[in-house]
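1. Model the structure of this input:
(chains A and B)
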Number of protein chains: 2
Amino acid sequence: MGLKGIAAASAAIVALSVGSAQADEGMWTLDNVPADAIQKAVGFKPDQAWIDNVRLSSVRLAGGCSGSFVSPNGLVMTNHHCVSDCVAELSSAKEDLMKDGFLARTQAEERRCAGMEINQLVQITDVTETIKKATANKAGAAFADARRAAIATAEKECAGGDATTRCDVVTLYQGGKYHLYKYKRYQDVRLAFAPEFDVAAFGGDPDNFNFPRYCLDMSLLRVYDAAGKPIGSPNHFKWSKVGAKEGEAVFVTGHPGSTSRLDTMAQLETARDVFAPSYLIHNAEKRGRLIEFMNRGPEERRMALDKLTGLENGIKVWKGRHQALLDPEFMSKKRSEEGDLRGAIAGKPELKAIVGDAYEQIAAAEQKYTVLFPKYAFLEGRRAFDSDLANFARLLVRAAEESAKPNEQRLREFGEARLPALKQRLANPAPIYPELEIATLSFGLTKLREQFGPDHAIVKAVLGKRSPEQAAEELVKGSKLGDPAVRQKLFEGGKAAVQASDDPMIKLMLAVDPEARAVRKAMEEQVEAPVEAAQAKIAQARFALLGDSVYPDATFTLRLSYGQVKGWTEPDGTEVKPFTYYSGIYERATGNDPFDLPPSFIKAKDKLDMSVPFNAVSTNDIIGGNSGSPALNSKAEVIGLIFDGNIHSLSGDYGYDGRRNRSVWVDVRGMAQALKTVYGAEALAKELGL
Amino acid sequence: MGLKGIAAASAAIVALSVGSAQADEGMWTLDNVPADAIQKAVGFKPDQAWIDNVRLSSVRLAGGCSGSFVSPNGLVMTNHHCVSDCVAELSSAKEDLMKDGFLARTQAEERRCAGMEINQLVQITDVTETIKKATANKAGAAFADARRAAIATAEKECAGGDATTRCDVVTLYQGGKYHLYKYKRYQDVRLAFAPEFDVAAFGGDPDNFNFPRYCLDMSLLRVYDAAGKPIGSPNHFKWSKVGAKEGEAVFVTGHPGSTSRLDTMAQLETARDVFAPSYLIHNAEKRGRLIEFMNRGPEERRMALDKLTGLENGIKVWKGRHQALLDPEFMSKKRSEEGDLRGAIAGKPELKAIVGDAYEQIAAAEQKYTVLFPKYAFLEGRRAFDSDLANFARLLVRAAEESAKPNEQRLREFGEARLPALKQRLANPAPIYPELEIATLSFGLTKLREQFGPDHAIVKAVLGKRSPEQAAEELVKGSKLGDPAVRQKLFEGGKAAVQASDDPMIKLMLAVDPEARAVRKAMEEQVEAPVEAAQAKIAQARFALLGDSVYPDATFTLRLSYGQVKGWTEPDGTEVKPFTYYSGIYERATGNDPFDLPPSFIKAKDKLDMSVPFNAVSTNDIIGGNSGSPALNSKAEVIGLIFDGNIHSLSGDYGYDGRRNRSVWVDVRGMAQALKTVYGAEALAKELGL
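-> Model prediction:
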């Protein structure tokens, strides 16, 4: 758990001390792999063939995770927590796959994950000049409009109407570069293996982001083609039979979601004083509500488990970030790094001319952010309308409106290139639980009223004379959007159908849409555009000083990180060893949630080699979105499966500290023993070459 | 709601701009009433007789509120939310007094509030010299020990073994002065009138701390003597028949709980970065749990309503304080005030010699606080053991241990002078709800494990192999401490009985007591003692500069504040008028919680004069603990009943801003119309002279 992509607040200067990242630091784009630095650090220099193979063997799960091909027949390895949405959706009161796990003994038994899309990166093109030309000499709304249009055009041209291609323009180095990432898109993805939640997430929230650790946080998927056959995946990673030793080189490919290492102090202070407290307080209350909701009974527990697990992970991540931002030592380091960069810029007249008042511009935009944030979070974000049905309604209302516009004027998520993913989402037959919907929507509406007060126009428009609980019940019970056919029909019917709909969720979303769009527009024009323009200036100066010997902040695009198998020393002197073993999970098990083992592990106990490694840590620099990444040796063989970072890695959003930041993975030997001995997954074991 | 005493984090310099408080600022002790300033501000100069009468007519509710005698027969006026513990305790599944309200038509129908104690301040003695002599030249643990002993001795001598007398040594001006407050203690207090919760707390959490407002947050109690007769109360306040006009002078007597206006920047930063986020995040989750617990059914709602209301009030208070502490303008004002004082001290060598490194000492102690805080909050505070039963167990374990020690060595709350209150608490037959106990204790134990990790010794000692839920269930179901007779027997049995007890709560509290005591001792010696010693030095310098033309921080002792009936202007230009009227509550009512009126108000609608004032605001400087305070005119007649502050008053812990800080009260005319016309409380109306 831990590393699934987290929607981040905004975007630091790390390792500016000049030009050299710390050893093992960095999430490198595949077109700029620092081969010499890698050789120096770990004694192996990757060549282009190695890099290309690694790129094509790695995949992205569009929902916010990473993965990799591990057989020639489209078999994909990722985390259990990356497929838990699917596992929950395939479950019912009668068949609880979260609780009992799932194993397809044959391909015919594999079950489709309707909401899942897998992407394979096939090409990277530099489109910096195109975008810069389109936005030259523009600012504010004009800058935002021009950039959106140029990006939409580039993405549409790249995809060329081919639904199996996905193209994303990616902003790197905070506007220093724009790259076009072209992916092969796979939408028929099926579940082959998932262990029980109790062993996948053994130790639950208490152990999350901690180590020593004992989680079998793995799953296997298979990618199918349009003809319903498993695809061929000539580029794939083999599972190492010997695993890795302490000190051995480790490479991680994956899709880190976002980092804020190049943010200015003004941005970090906003994250500390505005976003983090708001996020943590809001979600702590939601957590309390969900836990107590789950106490109603086992069926309620099943309905909400996946939501709670994700929420608790987000809370732990932001608690760690908030602590880092509140740490005087950490912040003074960031402050002096910013001072160094600004000093270096001030020393060069040509750079000073470029940067101008960029820092002040950012600070001014952050003040605007502070003012706009609550309305943005509640109306444009999901806080007020915390419900899957409301999300569908929002999508349908916006899709109807946006589809009528030329591609380049649309909100980005409704551009031509994004339609296949949207359609897949609307067609997903995953069950929606009215009881849970009412609980979360009641909460959201209560907080809306708390934030703006009962007399605010938007609150009155949403609630009328109803209590939040009444409103939620009427909205959820009255809505038909839980039915995929109803959603698809509304989508096909376009604006006329949506306007004519008497679905209460649609009507609610139509009613709040003007205000939600207005605050988004204000946020884009008054905050995002000036911040990005200012960041681009700072980025240009940094390039002039450092070149691309530095890596860009994470952007949910494919990155390579390098490091080694290595424990660490706690500030109090405690040594943490890099491996845990099968024996440990049996010692740690209490029989009680979240330290209870599933029956399969209890039954297999006497047949297992207790000295086989279970989990391990390495120095690789990763972050949320890297969940499901392969940990590879120099031969590009799988030695493990990334699923988490340690507690010290929680400050990784703002910087990397090689002394104690660690990646946490399932050891390949541990996975192999589980598949063979615990689960008897013979066909899969054979396919994996075990 | 709003102003019941809140346990505060620690203790600013306000209005240092030299010597003169802002107009209407200040919570003045009754021995230092600034008569000349009052005359200047409101045109009336109180004399000693006026002050003495006001002192003897005012009372304190030991649970954290204020009140006043309003008839010669022991009738006491206070808020509904100050007696809601009692109202809830007197309720059952069959008779819900929170929901339905309560009116005793005769004295015989009045019902005893078993947990309530009322204090009347009869004497103030300056014991500064005694305490200072005992602590001279001492620091750290020695200072803390010597002070504790001197205070215990002074309190015991003052009470003289008389259970009807209560004596408290009060630290004023942060150790600049010590005063001995002698109270007449009343423990037979009975409920005469309480309206329905729905009108007492109309608007609930959304309207709490807001205005315009419509709450009948009142109640009437009566004090009885040992012979079971109503006491005589020659000093009391008459209800004004005409109420007050806009601009009229308003006096408020009451017991503000604590303020932090003299805290240094280091202390404010700790409150901002350590206490506030921790408090808010912890209690937000608890709030979510309680709300969802109450969604189980009406009986669960009844059980937890009072707890939730108090919790939501605390959250709103700390949200307001946190916002003030995060406000750059507010903090820079505080910073410059501190700078001014330090500058003035630096300019006078004799003051510089006194103050020395006091500011640095405080900053160093705050760092220790940051380290100790989590353990303190969870073990010595109530976070881990969030249960009434656990609190009883803690009391019994500590009482047994402490009673064996000489008075002056005991923990302060177990000193001889405090025993009557402790015994009353143990004897209180108020029901304890196992379901609710399990819910809150499960939460506390879950957070204990989250804070320290499953591998921490104290977590293992508390949970063993159990989940928090299992542990909570076993502890609550296995404990007999819900029975007052069991508690009293254990109390009488002393250490031997407690040690021999097999009550699981007692055993748990015995097990954690050494560690809880250790962290309390560390907090007292490493934080409180050095901070107080340093504060006393700063206070001495401030005295030298300003004399007692300033008021001390609030200490839950009787204070007088003066002001006038006055609305305010919002930052956006909106004018807020000082009165609301009966018509308004009917306009605001939606029929849905928390904007639903009780049947009595719906029924009475046509008989009511809609132009009668309901609630009002004045400029008086008050804070949590002032709940239930009378608002008086110059003739010392009741014109209102304080129950809240406006939203701007939430920064009042750190300073007073006369532009917008307002007290919120129930207008006396509104109370009179309710008693006569809504409730037909003829006997009480007659006693009040209506």
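2. Around A:Phe251, count how many other residues there are.
-> The number of residues packed near A:Phe251 is 25, by other Cβ atoms under 10 Å in any protein chain shown. Every residue, glycine included, has its C-beta placed from N, CA and C.
3. ugh, typo on my part, it should be A:Ala41
-> 17.
4. Where does chain A get nearest to chain B, which residue?
-> A:Gly288 (2.5 Å; Cβ to the nearest Cβ).
5. Just the pLDDT for that residue.
-> With respect to pLDDT, A:Gly288 scores 98.
6. ok, and the closest non-adjacent residue to it?
-> In this structure, A:Gly288 finds its nearest non-sequential neighbour in B:Gly288, 2.5 Å apart by Cβ to Cβ, 6 or more residues apart in numbering or on different chains.
7. State the phi and psi torsions of that neighbour.
-> Its backbone dihedrals place B:Gly288 at phi -60, psi -40, with angles given as degrees, to the nearest 10.
8. gap between it and A:Ile315?
-> B:Gly288 is 12 Å from A:Ile315, where distance means Cβ to Cβ, to the nearest Å.
9. where do the contact lists of those two overlap?
-> By Cβ atoms under 8 Å, 6 or more residues apart in numbering or on different chains, B:Gly288 and A:Ile315 have these common neighbours: A:284, A:287.
10. Let me know the secondary structure of A:Leu191.
-> What DSSP: H, G, I helix; E, B strand; the rest coil gives for A:Leu191 is strand.
11. next SSE after the helix or strand containing A:Gln367?
-> A:Gln367 is part of helix A:358-375, with elements assigned from DSSP states H and E. Counting by DSSP H and E, the next helix or strand C-terminal to helix A:358-375 is helix A:388-403.
12. Which helix or strand lies directly C-terminal to that following helix?
-> helix A:419-427.
13. in which helix or strand would I find A:Val664?
-> Residue-wise, A:Val664 maps onto strand A:663-667 under DSSP H and E.
14. can I get the CA coordinates of the helix holding A:Gln367 in PDB?
-> Provided in PDB are the C-alpha atoms of helix A:358-375 (Å, rounded to 0.1, in the frame of the first residue of the first chain):
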ATOM      1  CA  ALA A 358       8.900  35.400 -10.800                       C
ATOM      2  CA  TYR A 359       9.200  34.500  -7.100                       C
ATOM      3  CA  GLU A 360       6.900  37.400  -6.100                       C
ATOM      4  CA  GLN A 361       4.400  36.400  -8.800                       C
ATOM      5  CA  ILE A 362       4.200  33.000  -7.300                       C
ATOM      6  CA  ALA A 363       3.800  34.400  -3.800                       C
ATOM      7  CA  ALA A 364       1.000  36.600  -5.000                       C
ATOM      8  CA  ALA A 365      -0.700  33.700  -6.800                       C
ATOM      9  CA  GLU A 366      -0.500  31.600  -3.600                       C
ATOM     10  CA  GLN A 367      -2.500  34.200  -1.800                       C
ATOM     11  CA  LYS A 368      -5.100  34.000  -4.500                       C
ATOM     12  CA  TYR A 369      -5.000  30.200  -4.000                       C
ATOM     13  CA  THR A 370      -5.700  30.600  -0.300                       C
ATOM     14  CA  VAL A 371      -8.800  32.600  -1.000                       C
ATOM     15  CA  LEU A 372     -10.100  30.400  -3.800                       C
ATOM     16  CA  PHE A 373      -9.200  27.100  -2.300                       C
ATOM     17  CA  PRO A 374     -12.400  26.300  -0.200                       C
ATOM     18  CA  LYS A 375     -14.800  26.900  -3.000                       C
END
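15. ok, it near chain B or not?
-> No: under the criterion of Cβ under 8 Å from any Cβ of the partner chain, helix A:358-375 makes no contact with chain B; the nearest approach is 9.5 Å.
16. List the buried residues for that helix?
-> A:358-359, A:361-366, A:368-370, A:372-375 (16 or more other Cβ atoms under 10 Å in any protein chain shown).
17. same question, stretch A:96-109
-> A:96-104, A:107.
18. Next, give me the two most distant ones among those.
-> Across the buried residues of stretch A:96-109, the longest distance by Cβ to Cβ is 24.4 Å; it joins A:Lys99 and A:Gln107.
19. Helices of the stretch 101-250 of chain A, residue ranges please.
-> A:128-135, A:140-159, A:197-200, A:204-207 (DSSP state H, counting those that start in this stretch).
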